[in-house]
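> With the input below, show me the fold.
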Amino acid sequence: MKHAIIIGATSGIGQEVAKLLIQQGWRIGIAGRREDALKEMQTTAPTQIEIEQLDVTKEDATVHLHQLIEKLGGMDLFFLSSGIGYQNKDLNPEVELNTARTNVEGFIRMVTVAFSYFKENKGGHIAVISSIAGTKGLGVAPAYSATKRFQNTYIDALAQLSKMQRLNILFTDIRPGFVATDLLKNEKYPMLMQADRVAQQIIKALDQKKRVVVIDVRYRILVFFWRMIPRWIWERLPIKN
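Have a look, this model is predicted:
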C-alpha cells in the first residue's frame, strides 16, 4: 500500500486530492491548522487516514511533520497544498509579509523535510501546488505572484540538486489558474475552475509523473501568450480584479 502526506488537506484542492487518493487505496496522512476539520475528514476513512495538527509558519511544524510520517508508517508522496494569497493593491505590509511567511518560509520548512526524508529513504515524489501567477508579476497581488515564482524556482533548484546527488526523487510543480476555493471566495475571477475537476487532472499528472503541469488547457494557452508579452507592454496592461 502506498503512503501520501498531504499538507493542507482540510479544504479546497488538497481535500479533493486526498479523496481521490483514498479511492485509489492509498493510506494518507493529512495535516493543517484546524484540528476539528482534520478529525472530521478522518471519520470518512478512519483506517486510511492519520492526522496531525500543524502550522507551516511555526518552527515546530517540522516536528509535527516527522510525527505524521511516523504515524503513517512511511511516505511515498509528499503533496503540499497549503498557501495563501490576497489582492493587495494598497500594499498593506502585513498582508505581504504574511503571504511570504506561508508561501516562502512555510514552503521551505515543509519541502526540505520531504527532500531529506526521500534522500534518506531511497526516493519518493514531491508535488506542490504553486500557480500560474508565478509567470508574471501581477500588480494586484505582488506578494502572491512573487512567492509563487519563488516556489517554481525552488522546485527547479531541488530537481537539479537531486540529479547532482543521484537521488531518486521525482518532482511535480502544479500550476493551476483560478480555482473555486476558500482562497478566492470573496472575489470574482474569470475562467473559475471547480476544485474536484482540478484534483482529477492533478492525479493524472501525478500518475504520469509530470514535472510541470498547468491546469487546465485554457490556462496553458493563457500562460503561453503571457510569456511572449514584453516587459514594457506588460507593465502598461490594465490588469484588474
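
> Which positions within the one helix or strand Met41 maps to qualify as buried?
For Met41, the host element (DSSP states H and E) is helix 35-42. For helix 35-42, burial by neighbour count (16 or more other CB atoms under 10 Å) applies to 37-38, 41-42. C-beta coordinates here come from the backbone N, C-alpha and C atoms, glycine included.

> repeat for stretch 63-81
64-65, 68-69, 72, 75-81.

> Going by distance to Gln48, which of these wins?
Lowest distance from Gln48 to the buried residues of stretch 63-81 (CB to CB) belongs to Leu72, with 10.0 Å.

> okay, that closest one: pLDDT?
Looking at Leu72, its pLDDT is 97.

> and it, what does it touch?
Contact partners of Leu72, counting by CB atoms under 8 Å, 6 or more residues apart in numbering, are 3, 5, 27-29, 50.

> As TSV, the residues you listed with secondary structure, pLDDT and neighbour count would be great.
Putting those into TSV (DSSP: H, G, I helix; E, B strand; the rest coil; pLDDT from 0 to 100; neighbours: other CB atoms under 10 Å) gives the following:
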residue	secondary structure	pLDDT	neighbour count
His3	strand	98	18
Ile5	strand	98	27
Arg27	strand	97	19
Ile28	strand	98	27
Gly29	strand	97	26
Glu50	strand	97	21
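
> what's the most distant pair in those?
Using CB to CB, the contacts of Leu72 span at most 10.2 Å, a distance reached by Ile5 and Arg27.

> I'd like the contacts of Leu72 laid out as TSV, including distance to Leu167.
TSV is the format used below for the contacts of Leu72 (distance: CB to CB, whole Å):
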residue	distance to Leu167
His3	19
Ile5	18
Arg27	24
Ile28	23
Gly29	22
Glu50	26
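
> from those, which is closest to Ile108?
The closest of these to Ile108 turns out to be Ile5 (CB to CB; 16.4 Å).

> Are there helices or strands packed against the longest strand belonging to the chain, and which ones?
The longest strand of the chain (DSSP state E) is strand 169-176. Identification of packing neighbours for strand 169-176 by 3 or more CB pairs under 8 Å, 6 or more residues apart in numbering; DSSP states H and E yields helix 107-120, strand 124-129, helix 142-164, helix 195-207, strand 212-215, helix 217-228.
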